[in-house]
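A.B. asks: Model the structure of this input:
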Amino acid sequence: MVRNYLPDPVPIESLNRIVDAGLRAPSAGFSQGLGFVIVTDAGGRRAIAGLADESEYVASGFDPWISRAPAHIVISVSEEMYRARYREPDKLGPDGEEIDWPIPYWWVDAGAGLMAILLAAVDEGLGAGFLGVHAVPELALLLHLPPDQLPIGVVTVGRPAPDRRSSSLDRGRRPRESVVHWETWDG
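C.D. replies: Coordinates of the predicted model:
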């Protein structure tokens, strides 16, 4: 995760390839409920940074990485598109009704789209960072999202600049053997 950027603009071709990777992410039932808004305008990026309380982050000694990033990709998802798809005849449950969602797959797919975008940015030789949405209604209003599209986060994209290491990284990764298991959790 990159938290500081050089001012160099990101080529439109690169941004299109990055978003195309997000479009190819898995989609339960091929519901295709993800949406992407690319923001390169400096005023729009500053407005998003304001909604994310970037000034508080900067007051803590960090760089203004949200407003400084030359491009933002806002990811949104429509639960309604998934529900509508799963009310179609080929997706109805055995009782002829919409399935009882054991997991809200729209969130799973949004995460897959997010990861595809992050990896595509790296493939383009760029850096990327993710920030969760702090002000959902305000961001949706700022970007004129349709009512069914809920923003899940912002990916900042650009050429990385040196930045201050987050103290969160001091925790280190959990030991592999406490996370990876074979056959069953308890072996």
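A.B. asks: I'd like to know how many residues surround residue 75.
C.D. replies: The burial metric for residue 75, expressed as a neighbour count using other CB atoms under 10 Å, is 25. Any C-beta I mention is one placed from the backbone N, CA and C, and that applies to glycine too.
A.B. asks: Surely residue 48 and residue 141 touch.
C.D. replies: No. Under the criterion of CB atoms under 8 Å, residue 48 lies out of contact with residue 141, with a separation of 12.0 Å.
A.B. asks: Which of these two has more residues huddled nearby?
C.D. replies: Set residue 48 next to residue 141 and count neighbours by other CB under 10 Å: residue 48 wins out with 28 against 11.
A.B. asks: How about the contacts made by the more buried one?
C.D. replies: Taking CB atoms under 8 Å, 6 or more residues apart in numbering as the contact definition, residue 48 lies against 39, 66, 67, 72, 74, 139, 142, 154.
A.B. asks: Who wins on neighbours among those?
C.D. replies: Each of the contacts of residue 48 was scored for neighbours by other CB under 10 Å, and residue 154 scores highest at 26 neighbours.
A.B. asks: got a list of what it touches?
C.D. replies: With contacts defined as CB under 8 Å, 6+ apart, residue 154 is in contact with 48, 52, 66, 72, 73, 74, 75, 130, 131, 133, 139.
A.B. asks: What strands flank the biggest strand by length in the chain, and is each parallel or antiparallel?
C.D. replies: When the chain is parsed with DSSP state E, its longest strand is strand 150-158. Strand 150-158 has the following sheet partners, assigned by DSSP bridges: strand 71-77 (antiparallel), strand 127-132 (antiparallel).
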